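S.K.: Structure for this input, please:
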Amino acid sequence: MLALIPQPRECDVRPGVVVWTGSVGVAAPDEWRDAIETWCVESSIEGCALVITSTVAAPRLTIRRDSSLPSGGYRLVTDDVSEIVASDASGALHALATLRQLGPHEWWRGGDVKGGRIEISKVQITDWPEFGWRGAHLDVARHFFPVDVVENFIDLIAAHKLNSLHLHLNDDQGWRVELPQWPRLTEVGAWRRASPRGLERDGVDDGTPHGGFYRADDIARLVDHATRRGVRLIPEIDLPGHAQAVLASYPELGNGGGPVEVWTHWGISREVLAPSTEALAFAASVVRAVADMFPGSPVHIGGDECPTDQWESSDVARAVMIEYGFTAARELQGLFTRRLTEELTAAGRDVVAWDEVLDADPPTSVIVAAWRSVDKGRDAATRGHRVVMAPMPFTYFDWRQSDDPSEPLAMAFPLAMSTWEKVYGFTVVPDGLDVEAASRILGAQAQHWTEYIATPEHLEYMAFPRLAAFAEVVWGTAGPVEEFRPRLETHLARLRANGVNFRPLDRPGS
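M.R.: Below you'll find the model as predicted:
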């Protein structure tokens, strides 16, 4: 059985194997050279070098374009001379990801393949993704992850044919990107003196400082790394809520409550930006500056979980409400949504926001990330928004994976459990949408919030095998879970051979 994940749409398995050894020539279009050359370097092993060059007289692998294929689509034939025909660069990379899965387990992510030869199953495959937005999210604000860890995570999602990584770059517990025009964001806001030990509700402080941030050259390195693997990076600056790290750095942007420190708790701080001219200008400035570091990418402006307590008791907020004719303090959040949307739209960027912004009637150009429920995605699509589905029960991978007490620390509120089987049963397009509204569902995204994820090993444990199940769902080829499980079991052997710290499967029926 070929344990291909995501499962391709059409796959004809043929007898025999292809053997690569020595110097293996790869012919490819010049415009795709950077990405394919990166793949060749990472796929070469001792005794078998993959070389993209026009000097090879008889290449063993040829790659060419056929724009009649769907976006991201490809045909792959493995034989004595193998061929990839792809719609675009992303289609070529999808084909190459499949090709790696057809070889030895250790080859999948550049592991140590013995013997200096690569044996590849003979197949003919035609495949393409159903959804254009196939994403993962990584919170680097609660716990900071260095560049090499993020690069490794990019490699993992690309190997599963996911094509976007949403980086959550700020929160109450830390600010993670250096902006020279706002130096205190990283001098002060990137560092907290402690974190909770155990669950937040236990009320125990670990007394250990934590922090870190990315400089401009770090971001450039990550963008280049991702681009070469067919992944786009989507930055998020979440304002006006989740702002305590900002207000520790620049308290004058707050509501007059006095100085605060970068938060040492999980949950939602009551500290929010004031709805003042200065705070609105600050938000626009930092969002535009961060956007400029991620060329061409959509930009996420957060907009979720913004308490209104401080606004309700603020003279400045009351004056702004009178000025705009607002009758409820929660309407002030719409000022930030509109200002940031205008700033980014003028720069030619797509704007993404969490589904709370629907309360402020945002422009329909805003892409809504529906996290609170499937119903929020249905509502957004019906109201004319493009939608990324991210509902908690199916896509929050900070939730526990079972009720076994041996599970590592994780979100533990009632019913916060999500198994890989549950993820695999997720339907991306909500029921009840007409054809036009359904066409606005761009795809889906899996969230890795990191209050309780502090190490790369724990991140991998929480991601897999759920992210493998999610990848097949959002590719659009998920079928019966009973058919998926044996492929997943083989795929986990692939993960093991490449050093991924996945969570083992439970026995069937346990």
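
S.K.: just checking, P430 touches A444?
M.R.: No: P430 lies out of contact with A444 (Cβ atoms under 8 Å); the separation is 11.0 Å. Using the backbone N, CA and C atoms, a C-beta is placed for each residue, glycine as well.

S.K.: Return every residue with contacts to both of those two.
M.R.: Counting by Cβ atoms under 8 Å, 6 or more residues apart in numbering, the common neighbours of P430 and A444 are M389.

S.K.: more neighbours, these two?
M.R.: Using other Cβ atoms under 10 Å as the criterion, P430 and A444 rank with A444 on top: 26 against 23.

S.K.: Now name the helix or strand holding the more buried one.
M.R.: If you go by DSSP states H and E, A444 is part of strand 441-448.

S.K.: try I5
M.R.: For I5, there is no enclosing helix or strand under DSSP H and E.

S.K.: correct me, but it touches E472?
M.R.: Yes: using Cβ under 8 Å, I5 is in contact with E472, at 5.8 Å.

S.K.: helix or strand right after the lowest-mean-pLDDT helix or strand in the chain?
M.R.: Using mean pLDDT, DSSP states H and E, the weakest-scoring helix or strand in the chain turns out to be strand 48-52, at a mean of 92. Going down the chain from strand 48-52, the next helix or strand is strand 61-65, by DSSP H and E.

S.K.: how far off strand 48-52 does that next one point, in degrees?
M.R.: 30 degrees (axes from the mean of the first three to the mean of the last three Cα atoms, to 10 degrees).

S.K.: which other helices and strands contact strand 61-65?
M.R.: strand 10-27, strand 82-86 (3 or more Cβ pairs under 8 Å, 6 or more residues apart in numbering; DSSP states H and E).

S.K.: Kindly recompute the last result at 10 Å.
M.R.: With contacts taken as 3 or more Cβ pairs under 10 Å, 6 or more residues apart in numbering; DSSP states H and E, strand 61-65 sits against strand 10-27, helix 33-43, strand 48-52, strand 74-77, strand 82-86, helix 89-101.

S.K.: Please point out which parts of it sit buried.
M.R.: Residues of strand 61-65 classed as buried by neighbour count (16 or more other Cβ atoms under 10 Å): 61, 63, 65.

S.K.: shaky segments in the stretch 251-400 of the chain?
M.R.: Of all residues in the stretch 251-400 of the chain, none has pLDDT under 70.

S.K.: where along the stretch 251-400 of the chain do the strands fall?
M.R.: For the stretch 251-400 of the chain, the strands defined by DSSP state E, counting those that start in this stretch cover 299-300, 351-354, 367-370, 387-389.

S.K.: Nearest approach to R75 belongs to which of the ones you listed?
M.R.: strand 387-389 (28.7 Å; Cβ to Cβ).

S.K.: Centre of the chain to the closest one, how far?
M.R.: Strand 387-389 sits 13 Å away from the centroid of its parent chain (Cα atoms, centre = their mean, to the nearest Å).

S.K.: One more: stretch 288-307?
M.R.: Computed by Cα atoms, centre = their mean, the separation of stretch 288-307 from the middle of its chain amounts to 14 Å.

S.K.: List the contacts of the spatially most central residue of the chain.
M.R.: In the chain, the residue lying closest to the centroid (Cα atoms, centre = their mean) is A136, at 2.3 Å. Taking Cβ atoms under 10 Å, 6 or more residues apart in numbering, we find A136 in contact with 153-154, 156-157, 160, 162-166, 231, 395, 397, 445-448, 463, 467, 470-471.

S.K.: bridging residues for it?
M.R.: On the basis of DSSP bridges, A136 is bridged to L165, A446.

S.K.: Any figure for the gap between A216 and E187?
M.R.: For A216, the distance to E187 (Cβ to Cβ, to the nearest Å) stands at 16 Å.

S.K.: do R117 as well
M.R.: Using Cβ to Cβ, R117 is found at 54 Å from E187.

S.K.: which intervals of the stretch 401-510 of the chain have sub-threshold pLDDT?
M.R.: Scanning the stretch 401-510 of the chain for pLDDT under 70 picks out 414, 509-510.

S.K.: mind redoing it with 90?
M.R.: 403-406, 409, 411-416, 507-510 (pLDDT under 90).

S.K.: Which parts of it are helices?
M.R.: Shown for the stretch 401-510 of the chain, the helices assigned by DSSP state H, counting those that start in this stretch span residues 420-424, 435-438, 456-463, 466-475, 481-497.

S.K.: Out of these, the one nearest P405 is which?
M.R.: That would be, of those and by Cβ to Cβ, helix 456-463, which comes in at 15.9 Å.

S.K.: shouldn't V231 be in contact with D224?
M.R.: No: look at V231 against D224 with Cβ atoms under 10 Å: they stay out of range, at 11.0 Å.

S.K.: of the two, who's got more company?
M.R.: Shown here are V231 and D224; by other Cβ under 10 Å, V231 has more neighbours (25 against 12).

S.K.: Got phi/psi on the more buried one?
M.R.: Here is the backbone geometry of V231 (degrees, to the nearest 10): phi -120, psi 130.

S.K.: which residues touch it?
M.R.: With contacts defined as Cβ under 10 Å, 6+ apart, V231 is in contact with 90, 93, 134-136, 153-155, 157-158, 162-165, 222-223, 225.

S.K.: And stretch 346-358, what's buried?
M.R.: 349-358.

S.K.: how about that stretch as CSV, C-alpha atoms only?
M.R.: What follows is stretch 346-358, C-alpha atoms only, in CSV (Å, rounded to 0.1, in the frame of the first residue of the first chain):
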residue,chain,number,x,y,z
ALA,A,346,-3.9,51.1,0.3
ALA,A,347,-0.7,49.1,0.2
GLY,A,348,-2.4,46.4,-1.9
ARG,A,349,-2.7,43.8,0.8
ASP,A,350,-5.5,41.4,1.7
VAL,A,351,-6.6,41.9,5.3
VAL,A,352,-7.5,39.0,7.5
ALA,A,353,-9.1,39.2,11.0
TRP,A,354,-10.7,37.0,13.6
ASP,A,355,-14.5,36.6,13.4
GLU,A,356,-15.2,39.1,16.3
VAL,A,357,-14.7,41.9,13.7
LEU,A,358,-18.1,40.9,12.2
